[in-house]
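Participant: this one's structure only:
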């Protein structure tokens, strides 16, 4: 049995492999992928595996976004730390999932279900798009706590022009200042309004209002001219360029 693991936390990926061995599940690991962008490239360049373990929250967004670009015929077992509202949607649509932290018993049950099914349930892209929309529709924050001196202050989300990650530190930039945000870039992005903020690559989030100009860039990418760039370059990844243009037109 060949499997693919899509997971952005190395510790979680290693734990899953160890648990699979404990279940006496014989498999060949094809790859471990940690981003939506790399997953899309992998599926475009390789034959679908026999089983995929896919985390919902990846380094550059939600894994459901993969299905907006490509179709996957392999059965998928999702791993997720999302709340019960999202889990209920999985149950209704009969999609297999494992709630993090993964329990050995739950993994065994999922594997038994997969092994006994003559026709393992395949993921319907329309269902995943509905789930993605429902998660993005949750209320978004109005403010963000940032470090200032020895303490913290709150800035309005409307003041945030862009954010980026550098050496595992998340920075948020307004028209006047750069702040340190005590969150990962993943946590920050998933709390923002997707109509106003876009994650152009693994390490950068930009607000729509900060963009002044979009220039063509090599390898079918685009480069953005934005407010207060602070020596940052803003290049939309190749896999996201088409979706980014759609987002800008909304």
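Facilitator: That came through fine. Just so it is clear, the model here is predicted, and its values are computed rather than measured. Numbers count the residues shown, from 1 in each chain.

Participant: Where do the domain boundaries of this structure fall?
Facilitator: Domain ranges of the chain: 2-136, 143-249, per automatic domain parsing.

Participant: ok, of the ones you listed, where does mean pLDDT dip lowest?
Facilitator: For the domains of the chain, mean pLDDT drops lowest on domain 2-136, to a mean of 81.

Participant: Show me where this structure has its helices.
Facilitator: For the chain, the helices defined by DSSP state H occupy 10-22, 36-45, 84-92, 104-116, 125-136, 185-189, 241-249.

Participant: helices or strands next to the fourth one in the packing?
Facilitator: Contacts of helix 104-116 with other secondary structure elements, assessed using 3 or more C-beta pairs under 8 Å, 6 or more residues apart in numbering; DSSP states H and E, are made with helix 10-22, strand 97-99. Placement of C-beta: from N, CA and C, glycine included.

Participant: Determine which residue lies closest to the centroid of the protein.
Facilitator: The centroid of the chain falls nearest to residue 61 when counting by C-alpha atoms, centre = their mean (2.2 Å).

Participant: What residues are bridge-paired with it?
Facilitator: Applying DSSP bridges to residue 61 yields these beta-bridge partners: residue 58.

Participant: looking at it, it is touching residue 36, isn't it?
Facilitator: Yes - with contact defined as C-beta atoms under 8 Å, residue 61 reaches residue 36; the gap is 4.9 Å.

Participant: one step back: if I look at the residue nearest to the centre of the chain, how far off is residue 10?
Facilitator: As judged by C-beta to C-beta, to the nearest Å, residue 61 and residue 10 stand 19 Å apart.

Participant: same check, this time on residue 64
Facilitator: Counting by C-beta to C-beta, the gap from residue 64 to residue 10 is 22 Å.

Participant: between those two, who's got more neighbours?
Facilitator: Ranked by neighbour count (other C-beta atoms under 10 Å), residue 64 and residue 10 place residue 64 first, with 23 against 10.

Participant: Could you check how far residue 34 is from residue 10?
Facilitator: In terms of C-beta to C-beta, residue 34 sits 8 Å off from residue 10.

Participant: Oh, that last question was meant for residue 63, not what I typed.
Facilitator: Residue 63 is 17 Å from residue 10, by C-beta to C-beta.

Participant: Now do the same contact list for residue 222.
Facilitator: Residue 222 sits next to 214-216, 235-236, 241, 244-245 when contact means C-beta atoms under 8 Å, 6 or more residues apart in numbering.

Participant: Pick out the most distant pair among those residues.
Facilitator: Taking C-beta to C-beta as the measure, those span a maximum distance of 14.2 Å, between 235 and 245.

Participant: out of the two, which sits in the more crowded spot?
Facilitator: Each of residue 235 and residue 245 has its neighbours counted (other C-beta under 10 Å); residue 235 has more, 18 against 12.

Participant: For that one, list each beta-bridge partner.
Facilitator: Beta-bridge partners of residue 235, counted by DSSP bridges, are residue 223.

Participant: Tell me if I'm right that it and residue 220 touch.
Facilitator: No - applying C-beta under 8 Å, one finds residue 235 not in contact with residue 220, separated by 11.5 Å.

Participant: Comparing the helices and strands packed on helix 104-116, which stretch has the densest surroundings?
Facilitator: Comparing those by mean neighbour count (mean count of other C-beta atoms under 10 Å), strand 97-99 ranks first with a mean of 18.

Participant: List the pairing partners of that strand within its sheet, with orientation.
Facilitator: Taking DSSP bridges as the criterion, strand 97-99 sits next to strand 76-80 (parallel) in its sheet.

Participant: what's the angle between the strand it pairs with and helix 104-116?
Facilitator: Put simply, strand 76-80 runs at 160 degrees to helix 104-116, going by axes from the mean of the first three to the mean of the last three C-alpha atoms, to 10 degrees.
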